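**Student:** here are the coordinates; sequence isn't available:
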């Protein structure tokens with residue numbers, strides 16, 4: 001980030017302890033050098049660099065929470081045309097924009113079971129919602145996708161991160177605003193500048209083959225009760241996600257979570273199931289009977305990962321603005337700066353419904369699914385690699401690969417695909433890396449450390465240098481997270 005001497009002096013005067021608490025210029029230079037140095041530099045604080053009047057433990061724990069939430073499960077979102085029409089009538093751009101802020105922090109305590117069957121209470125669990133269409137190509141065999149259940153294509157508002165130039169532009173605007181507030185006499189101007197920078201660096205991580213933090217753990221498929229055939233519409237969205245031309249290094253076997261959106265003010269759910277006998281026999285409200293009946297039909301047809309999201313479209317007095325997601329990437333921040341729009345309002349009824357929706361999604365589907373995957377991969381792959389047979393296999397691989405290096409010095413060995421610079425999702429190396437990433441996202445840092453250490457050696461042996469560098473970075477990062485968590 002470049003700045004004139006005059007602006008640099010004004011910023012120094014505005015933030016007397018800025019260089020001691022938040023070494024921004026050095027971080028920007030190190031971030032441009034490599035991902036390993038930039039992530040390591042986040043924790044290089046010494047006692048001489050810290051302001052004596054500042055509480056380091058609170059700041060370090062705040063940064064730890066930001067980093068932990070940044071590497072949280074990614075959930076893709078796809079909605080039908082009728083569903084998007086309902087959401088637009090409520091004043092929102094799309095279904096993704098409506099639910100995205102509620103994934104920033106799941107309300108309440110979340111209990112996670114680690115690999116040793118111990119419970120880990122988490123107060124700040126979060127999920128990242130992203131547009132599924134970003135995973136797929138815009139055309140299939142040279143033609144655009146069409147169909148009765150295909151979502152209507154719109155100009156994407158989701159922009160992935162990783163652009164240092166955009167981060168610098170956003171941070172410059174943030175610092176100029178803080179400097180202006182300081183000159184006007186506002187106290188506390190510039191507070192949280194380093195945390196803001198750290199969050200922008202880690203926001204909207206782009207897709208990559210060598211790590212799975214941006215790969216979807218699950219996909220939310222949403223339809224509206226306005227559709228004449230709800231189950232068929234959900235099955236159509238399933239086929240869309242199953243047949244989409246996503247990158248080959250992404251495992252398409254992610255969890256599907258089906259959502260039926262019902263407009264409470266337009267009671268159009270009567271046409272699906274006869275419920276008169278339910279109302280008369282059990283003496284329950286008609287709306288509750290309709291909701292329960294169609295939800296049970298969805299579970300019988302699609303499985304247990306289903307829910308009914310009831311929203312209200314009638315304007316009410318108890319509305320509040322819906323804040324933006326705190327994990328907007330720098331590109332999305334710049335887009336909102338160039339096209340400022342007022343925040344849409346949301347009623348307390350809808351807010352409570354969406355809070356419950358995100359909590360149920362996390363506690364009843366996402367976390368149990370990831371725990372089962374971790375248990376399966378740990379038993380079938382990682383345990384074998386840690387045993388005597390696994391060590392013998394690793395030693396033999398190194399022996400044969402070293403003897404073949406003179407013949408093929410530029411090609412990898414094992415399951416590494418040199419042409420695509422990636423491992424296929426079904427290979428043990430890819431599943432081991434996914435196991436480590438899942439353990440990291442669920443705060444099981446012991447399992448993550450041991451798995452990263454094992455698979456890193458395979459990456460080096462296969463000359464998968466980007467994979468090896470990424471695993472090395474995660475080794476250091478998760479160790480620091482675990483070390484801070486113990487204090």
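**Tutor:** Okay, I see it. Since we're looking at a predicted model, the values are computed, not measured.
**Student:** and the pLDDT for residue 298?
**Tutor:** Residue 298 is assigned a predicted lDDT (pLDDT) of 87.
**Student:** same check, this time on the one 4 residues further on
**Tutor:** What the model reports for residue 302 is a pLDDT of 90.
**Student:** how about residue 173?
**Tutor:** Per-residue confidence (pLDDT) for residue 173: 84.
**Student:** buried ones in the host helix or strand of it?
**Tutor:** Residue 173 is located in helix 164-183, with elements delineated by DSSP states H and E. For helix 164-183, a neighbour-count test (16 or more other CB atoms under 10 Å) marks 166-171, 174-175, 178-179, 182 as buried. Backbone N, C-alpha and C define where each C-beta goes, glycine included.
**Student:** now render these as TSV, adding distance to residue 460.
**Tutor:** Shown next, in TSV, are the buried residues of helix 164-183 (distance: CB to CB, whole Å):
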residue	distance to residue 460
166	33
167	31
168	33
169	37
170	36
171	35
174	40
175	41
178	44
179	47
182	49
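**Student:** look up phi and psi at residue 133.
**Tutor:** When quoted as degrees, to the nearest 10, the phi and psi of residue 133 stand at phi -60, psi -20.
**Student:** name the next helix or strand following the helix or strand where residue 298 lies along the chain.
**Tutor:** If you go by DSSP H and E, residue 298 is part of helix 286-302. For helix 286-302, the following helix or strand on the C-terminal side (DSSP H and E) is strand 306-311.
**Student:** on that earlier part again, so which elements touch the helix holding residue 173?
**Tutor:** With contacts taken as 3 or more CB pairs under 8 Å, 6 or more residues apart in numbering; DSSP states H and E, helix 164-183 sits against helix 5-14, helix 24-33, helix 193-202, helix 330-338.
**Student:** quick one: that helix to helix 193-202, angle?
**Tutor:** Between helix 164-183 and helix 193-202, the angle comes out at 160 degrees (axes from the mean of the first three to the mean of the last three CA atoms, to 10 degrees).
**Student:** and the angle for helix 164-183 with helix 330-338?
**Tutor:** Here helix 164-183 points in a direction 50 degrees away from that of helix 330-338 (the same axes, to 10 degrees).
**Student:** tell me the mean pLDDT over the longest helix along the chain?
**Tutor:** Longest helix of the chain, by residue count under DSSP state H: helix 465-486. Here helix 465-486 scores 80 as its mean pLDDT.
**Student:** which helices and strands does that helix pack with?
**Tutor:** Helix 465-486 packs on helix 35-41, helix 56-70, helix 428-441, helix 445-461, going by 3+ CB pairs under 8 Å, 6+ apart.
**Student:** buried residues in it?
**Tutor:** For helix 465-486, a neighbour-count test (16+ other CB under 10 Å) marks 467-475, 477-478, 480-481, 484 as buried.
**Student:** distance to residue 310 added to those residues, as JSON lines?
**Tutor:** As requested, the buried residues of helix 465-486 are exported to JSON lines (distance: CB to CB, whole Å):
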{"residue": "467", "distance to residue 310": "45"}
{"residue": "468", "distance to residue 310": "49"}
{"residue": "469", "distance to residue 310": "47"}
{"residue": "470", "distance to residue 310": "42"}
{"residue": "471", "distance to residue 310": "44"}
{"residue": "472", "distance to residue 310": "48"}
{"residue": "473", "distance to residue 310": "44"}
{"residue": "474", "distance to residue 310": "41"}
{"residue": "475", "distance to residue 310": "45"}
{"residue": "477", "distance to residue 310": "41"}
{"residue": "478", "distance to residue 310": "40"}
{"residue": "480", "distance to residue 310": "43"}
{"residue": "481", "distance to residue 310": "38"}
{"residue": "484", "distance to residue 310": "41"}
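**Student:** give me every residue that touches residue 95.
**Tutor:** By CB atoms under 8 Å, 6 or more residues apart in numbering, the contact set of residue 95 is 77, 79, 83-84, 87, 222, 261.
**Student:** how about 7 Å then?
**Tutor:** The neighbourhood of residue 95, defined by CB atoms under 7 Å, 6 or more residues apart in numbering, consists of 77, 79, 83-84, 87, 222.
**Student:** how about residue 246: what's its closest non-neighbour residue?
**Tutor:** Leaving aside its chain neighbours, residue 246 sits nearest to residue 135 (4.5 Å; criterion: CB to CB, 6 or more residues apart in numbering).
**Student:** so that neighbour sits right up against residue 248, yeah?
**Tutor:** No - using CB atoms under 7 Å, residue 135 is not in contact with residue 248, being 11.7 Å away.
**Student:** these two: which is more packed in?
**Tutor:** residue 135 (21 against 13; other CB atoms under 10 Å).
**Student:** ok, the more buried one to residue 479 distance?
**Tutor:** 31 Å (CB to CB, to the nearest Å).
**Student:** what do you get for residue 130?
**Tutor:** According to CB to CB, residue 130 stands 28 Å off from residue 479.
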